[in-house]
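# The amino acid sequence is not available; the structure is as follows:
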């Protein structure tokens, strides 16, 4: 029986969630498995991977073959490195303590890289939020300026209309005054004519 370390798909459509399992190569993808080694959630950034490294190394030493994706996950979590170091210990090239020290150093370096990536992502999100806020402020200022300009234009039109009305009233007053003067003159002329008669 050949054993494969592979992914078993779970989750809903568009939101996959995988179990990392050791299964018989002839078994269905989501079918019977020999041992569950961990989980893989690609829906978050960075992806969340939980893996039993010692269990994966045990299966690798017993001859299990990982699929391409499972191999990438095992490499990411250090199971392949631990298997390689265990092979060096078996051959006598390393002691158990040296192998553990190398693996611990690798894990520490990997943790710092993951932390740096998370910090970079959070910084990018903060920058994107700041840019969106600045753009929104600019749009709001443009709206406020447009409203102020429209109000100023309306006030200017009203002032022009008031001035035009005042000018019309002044002209009407002048015309009325000239008509009154003309009327007075005509009445004076008629009274003079009557007195002359």
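Happy to help now that I have it. Please read all numbers here as calculations on a predicted model, not as lab measurements.

# Could you check how far the strand or helix carrying residue 139 is from the centre of its chain?
Assessed by DSSP states H and E, residue 139 sits inside helix 96-196. With C-alpha atoms, centre = their mean, to the nearest Å as the basis, helix 96-196 stands 30 Å off its chain's centre.

# Which strands or helices does it pack on?
On a contact count with 3 or more C-beta pairs under 8 Å, 6 or more residues apart in numbering; DSSP states H and E, helix 96-196 meets helix 79-91. C-beta coordinates here come from the backbone N, C-alpha and C atoms, glycine included.

# Now do the buried residues in stretch 4-14.
Buried residues in stretch 4-14, defined by neighbour count with 16 or more other C-beta atoms under 10 Å: 4-8.

# meant to ask about stretch 16-25, not that
17-23.

# chain center to that stretch: distance?
32 Å.

# Next: stretch 22-33.
Relative to the chain's own centre, stretch 22-33 is displaced by 39 Å; criterion: C-alpha atoms, centre = their mean.

# So which residues make contact with that stretch?
Contacts to stretch 22-33, defined as C-beta atoms under 8 Å, 6 or more residues apart in numbering, come from residues 1-6, 8-10, 19, 21, 34-35, 37, 59, 64.

# can you give me the end-to-end distance of it?
The first and last residues of stretch 22-33 sit 6 Å apart, counting by C-alpha to C-alpha, to the nearest Å.

# Looking at the buried residues of stretch 16-25, which one is closest to residue 127?
residue 17 (30.2 Å; C-beta to C-beta).

# Return the distance of the closest residue to that closest one other than its chain neighbours relative to residue 65.
In space, and not counting its chain neighbours, residue 17 is closest to residue 11: 3.6 Å by C-beta to C-beta, 6 or more residues apart in numbering. The gap separating residue 11 from residue 65 is 25 Å, by C-beta to C-beta, to the nearest Å.

# Among the contacts of stretch 22-33, which are located in strands?
When DSSP state E defines the strands, the subset of the contacts of stretch 22-33 inside them is 3-6, 8-10, 19, 21, 35, 37.

# Tell me which two in those are the farthest apart.
The widest separation within those (C-beta to C-beta) is 20.7 Å, between 3 and 10.

# Residue 39: neighbour count?
For residue 39, the number of neighbouring residues by other C-beta atoms under 10 Å comes to 17.
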